[in-house]
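1. how would this look folded up:
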Amino acid sequence: MRIDKLLNKLCLVKTRSIAKKACDKNLVKLNGKIAKASSSVNDQDIIEYELFGYSTKLKIINIPKGNVSKAKAPEFYEIFKNEKMDLQ
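-> Residues are numbered from 1 along each chain as shown. The predicted structure follows:
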């Protein structure tokens, strides 16, 4: 699944266009490399992104098959880091 679509489906960003713009601005990394919006994500991949003043690192446990409710979304990933960035 595309990384921009996955970030939206797992309720990590509000819309797919926000995820795409973040990828276009090199704010999203997939397995340590800058990701394009069309980059394919697989199980066990590591995603890092800097959005909304937070730096987040997470591991994808499973790729969802269809739509995911906001309550069930955390079952598909494990967060390693979610800390406020120092914006000065």
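
2. Now for the closest residue in space to Ile34 that isn't next to it in sequence, how many residues are close by?
-> Leaving aside its chain neighbours, Ile34 sits nearest to Asn26 (5.0 Å; criterion: Cβ to Cβ, 6 or more residues apart in numbering). All C-beta atoms are positioned from the backbone trio N, CA, C, and that covers glycine. By other Cβ atoms under 10 Å, 11 other residues sit near Asn26.

3. Distance check, Leu30 against Leu51.
-> As defined by Cβ to Cβ, to the nearest Å, Leu30 lies at a distance of 15 Å from Leu51.

4. Could I get the full set of helices for this structure?
-> Remark: helices assigned in the chain by DSSP state H are 3-9, 16-24.

5. And the contacts of the first one?
-> Contact partners of helix 3-9, identified using Cβ atoms under 8 Å, 6 or more residues apart in numbering, comprise 1, 13-16, 18-20, 22-23, 28, 30, 35-41, 47, 49, 60, 63-64, 67-68, 73.
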